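Engineer: need a 3D model of the sequence below.
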Amino acid sequence: LTCRIFFDAAGQPEKIVGSMRDIGERKKAEARTEAALAALRDNEAIFDQFMKNSPVFMFFKDENIRAIRLSANYEKMLGMPVENALGKTMDDLFPSPLSRSMIADDKRILEEGRQITIDEELNGRYYTTIKFPIHVEGKPRHLAGFTIDITERKLAELGIKEALEALRVSLREKELLLQE
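Structural biologist: You can find the predicted model right below:
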């Protein structure tokens with residue numbers, strides 16, 4: 001509501017001119033916007049807790065293969081606070097042979113727009129990484145992934161392989177002894 005009072009020469013109110021505008025739709029739009037912002041804040045809080053507490057390494061990279069989100073456990077893997085790793089390239093974060101391989105895989109994901117699974121080794125630890133594109137407006141614009149530490153499984157497999165080989169050698173030796 002807006003109004004204007006007009007006064008006569010003696011200073012007495014002579015007339016009032018006003019207009020009224022229905023702002024109901026604007027108020028409804030503001031309420032919808034506030035509800036959407038509250039939902040967005042809730043989603044961000046949920047996502048942040050997920051990234052802070054995940055036992056699996058999780059990452060998001062932009063189209064330039066720069067880290068834009070990393071789970072908190074990357075701090076231990078990279079030896080630096082996660083905040084310091086954001087915006088960095090894979091060359092900045094990992095040894096050269098591994099970073100070159102990562103960059104090639106990441107470019108392929110963005111070009112082909114499909115998921116891939118890779119096994120990698122870093123500092124004596126073994127990892128399986130599942131990487132996939134994030135499509136924005138129908139195009140792979142970002143990529144994300146999960147990296148799982150499989151060191152214990154890999155070491156167990158190697159132990160089994162070594163034990164089997166030792167068993168084969170022992171059986172061959174026994175066969176030779178029996179033939180004599």
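
Engineer: average pLDDT for the strand or helix carrying I5, rounded please.
Structural biologist: I5 is located in strand 2-7, with elements delineated by DSSP states H and E. Across strand 2-7, pLDDT averages out at 90.

Engineer: cool, stretch 23-33 as well?
Structural biologist: For stretch 23-33, the per-residue pLDDT values average out at 91.

Engineer: kindly export it (C-alpha atoms) in PDB.
Structural biologist: Extracted as PDB, the C-alpha positions of stretch 23-33 are listed here (Å, rounded to 0.1, in the frame of the first residue of the first chain):
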ATOM      1  CA  ILE A  23       2.300  -8.800  -3.100                       C
ATOM      2  CA  GLY A  24       0.900 -12.300  -2.200                       C
ATOM      3  CA  GLU A  25       2.600 -13.900  -5.200                       C
ATOM      4  CA  ARG A  26       5.900 -12.200  -4.400                       C
ATOM      5  CA  LYS A  27       5.600 -13.400  -0.700                       C
ATOM      6  CA  LYS A  28       4.900 -17.000  -1.900                       C
ATOM      7  CA  ALA A  29       7.900 -16.900  -4.300                       C
ATOM      8  CA  GLU A  30      10.100 -15.600  -1.400                       C
ATOM      9  CA  ALA A  31       8.800 -18.500   0.800                       C
ATOM     10  CA  ARG A  32       9.600 -21.000  -1.900                       C
ATOM     11  CA  THR A  33      13.000 -19.500  -2.400                       C
END
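
Engineer: buried set for that stretch?
Structural biologist: Of the residues in stretch 23-33, none is buried by neighbour count under the rule 16 or more other Cβ atoms under 10 Å. C-beta here means a position set from N, CA and C on the backbone, and glycine is covered the same way.
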